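Undergrad: Give me a 3D structure for the following:
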Amino acid sequence: MPDFTSYVPPGVYVQDTSLPVVTPTTVTTNTVTVIGPAIGYQTHTELVQVYWNSNTALAKRGIFVAAVTGPPAIGAPVVKNSAGVTLAAGTDYDFVVDASGTGGAANAVTYIKRLGTVDTPSDPSPGGLKDGDAVFVTYNYADTTYYTPQEFTDPSQIAATYGAAVSGSTPTNPNASQVVCALTLAAQIAMANGASNILALPTNPADGTVKEQFEAAYAKIVTNYKAQLIVPLFVDAAPQLSGDPGDAHTADAVLALIQDANNHCVNTSAEGHGRIAFIGFETNYDAVTRNYDAVAQQIASKRTVLAYPNQMSFYNTRLAQTTVVAGYYLAAAMAGRLAGGEVARGLSKTNLTGFNGIPPALAQIQTKSFKDGLSQAGVAVVEQTRTGTLSVRHGVTTDMSGLTSREISLVRTGDVLFDLVQTGMDAAGLIGEPIDADMTTKVKGSLTGILERAVTDSVIRAYTDVAVRQQQLPSGDPSVIEAQFAYAPLIPLNYITVTFAIDLNSGELTATENPDENPTSG
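TA: Here you go, the predicted model:
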């Protein structure tokens, strides 16, 4: 405004004193977190020179220098000379492992050394290896990053890291699974259904029982904001309460694993990291002891989605054969479809891809009353339509107590809006600033900007009653500014009712012209 200590001509002077409002971009919601077993190693080939009196370091850390019986079974390194001849370990060369640094075996440096006693090309090792010869070393390794969360946007890179999804050779047992790496297959199915990012986290057998492996994996993503939709893969013999294989697949063991996943989501959501678990069942799950509807009623949480059925037909392109895969791949498809759509779009009546359908033996028991019972209990049922597509019957969580907890889209809307407000208000940079006469206006402006962006991005339909006040002594703390608002979510349309009746009146209908509209007619 003008400085009136000096002459200013008469007139009206206007100044805009509003401050810029920091409005964040929409929180990332298109990431699916897949947690489960991988093949346990990566493979690498490199060309190095070998010497008898010095060690040559290999590029990767955590190399398996000998075969591992498993699980998982891991092959020993293979070393070949320039002519492609396989050399013999302990005769032509040997490995030296240095695990003296931090990180243990996963961070150990491995060296290769030519075996021999004379440093002259005229005195080669028994295999003909001379000093300075180049050899090709192919080995398997699992470094310190292998069992940590890694983000991917390319399905082929997932396979390169954790192994091929399905087998390229027919199993000896025709009933055996053709899935090689559950983590890869689930991630690829999630991406096929719309997820653009995958946060992959292999479970580590070194962490103990399978239950302990998943608990350790959950701990690694507690504070990761991208882990909003998680898919734990309880594969084959995974549902174990102990190390006893006899515990595998028992109804109690499966329920314990689901409860762990739900508790993780509930606890992290209470800490501001909203997330939902998508759970599927193994193909041979013991549904007689505890059926799917009983599991849903036992969990009864808006943070857990149970996918059904537990068997899906899948086409293995490597073998040109149709095989059966478990229900947790269906759960991955659901999470991928949810991640690929708008925040307010749930799963009801959405189509899923990546499968050939539902096995006939399972499809024939899915009567309307059977599916109604599961849906009413809180199971997200997938059915095959008349056209052959796979459709989510009703996108529900296991908490059927009310609309806001039942509908996946409304739970997700609340999580995303929370993240938007948290991120946006932090980005406004107001914390720590002195509270002046304009501070409540600044807070309200920042909050309103965030809510406007939420409306623009179709996260919410509208908002009302934005109110901001500073607390006052003696009942309040003057360093606290309170803000509140109400929002209207985009409620999913679940039902359209249409009534019609037969009109049995008969008679001739004659169309007549209006003389006023056609004055020239005779």
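Undergrad: just checking, what packs against the helix or strand harbouring Ala380?
TA: In this assignment (DSSP states H and E), Ala380 forms part of strand 379-384. The contact analysis (3 or more C-beta pairs under 8 Å, 6 or more residues apart in numbering; DSSP states H and E) places strand 379-384 against helix 292-299, strand 304-308, helix 327-340, helix 368-377, strand 390-392. All C-beta atoms are positioned from the backbone trio N, CA, C, and that covers glycine.
Undergrad: closest to Asn173 out of these?
TA: Asn173 lies closest, by C-beta to C-beta, to one member of the helices and strands packed on strand 379-384: helix 327-340, at 20.3 Å.
Undergrad: what pairs with the strand holding Ala380, and is each one parallel or antiparallel?
TA: Partners of strand 379-384 in the sheet, by DSSP bridges, are strand 304-308 (parallel), strand 390-392 (antiparallel).
Undergrad: Distance to Thr45, mean pLDDT and mean neighbour count added to those, as a markdown table?
TA: Below are these laid out as a markdown table (distance: least, C-beta to C-beta, whole Å; pLDDT from 0 to 100; neighbours: other C-beta atoms under 10 Å):
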| stretch | distance to Thr45 | mean pLDDT | mean neighbour count |
| --- | --- | --- | --- |
| strand 304-308 | 39 | 98 | 27 |
| strand 390-392 | 40 | 96 | 20 |
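Undergrad: May I have the strand holding Ala380 exported as CSV, CA atoms only?
TA: The C-alpha coordinates for strand 379-384 follow below in CSV (Å, rounded to 0.1, in the frame of the first residue of the first chain):
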residue,chain,number,x,y,z
VAL,A,379,-16.7,-62.1,1.1
ALA,A,380,-15.9,-60.5,-2.3
VAL,A,381,-17.2,-63.1,-4.7
VAL,A,382,-16.1,-63.2,-8.3
GLU,A,383,-18.5,-64.9,-10.7
GLN,A,384,-18.4,-65.8,-14.4
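Undergrad: Any buried residues in stretch 219-236, and which?
TA: For stretch 219-236, the neighbour count (16 or more other C-beta atoms under 10 Å) marks 221, 224-236 as buried.
Undergrad: now do stretch 90-97
TA: Residues of stretch 90-97 classed as buried by neighbour count (16+ other C-beta under 10 Å): 92-93, 95.
Undergrad: In contact with the nearest residue to Gly346 once chain neighbours are set aside, which residues?
TA: Once flanking residues are discounted, Gly346 sits nearest to Ser409: 3.3 Å by C-beta to C-beta, 6 or more residues apart in numbering. Residues in contact with Ser409, defined by C-beta atoms under 8 Å, 6 or more residues apart in numbering, are 343-347, 395, 490, 492.
Undergrad: how close does Ser409 get to Ser169?
TA: The gap separating Ser409 from Ser169 is 43 Å, by C-beta to C-beta, to the nearest Å.
Undergrad: Which of the buried residues of stretch 90-97 sits closest to Ser446?
TA: Using C-beta to C-beta, Phe95 is the member of the buried residues of stretch 90-97 that lies nearest Ser446, at 59.1 Å.
Undergrad: any idea how far Gly104 is from the closest one?
TA: Look at Phe95 and Gly104: by C-beta to C-beta, they are 17 Å apart.
Undergrad: go on, Ala300?
TA: 41 Å.
Undergrad: now do Leu473
TA: Leu473 sits 56 Å away from Gly104, taking C-beta to C-beta as the criterion.
Undergrad: Looking at the two, which is more packed in?
TA: Legend: neighbour count by other C-beta atoms under 10 Å for Leu473 and Gly104, higher for Gly104 (11 against 7).
Undergrad: picking that back up, mind giving me TSV with the buried residues of stretch 90-97 and columns for distance to Val8, secondary structure and pLDDT?
TA: Shown next, in TSV, are the buried residues of stretch 90-97 (distance: C-beta to C-beta, whole Å; DSSP: H, G, I helix; E, B strand; the rest coil; pLDDT from 0 to 100):
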residue	distance to Val8	secondary structure	pLDDT
Asp92	94	coil	91
Tyr93	90	strand	93
Phe95	86	strand	95
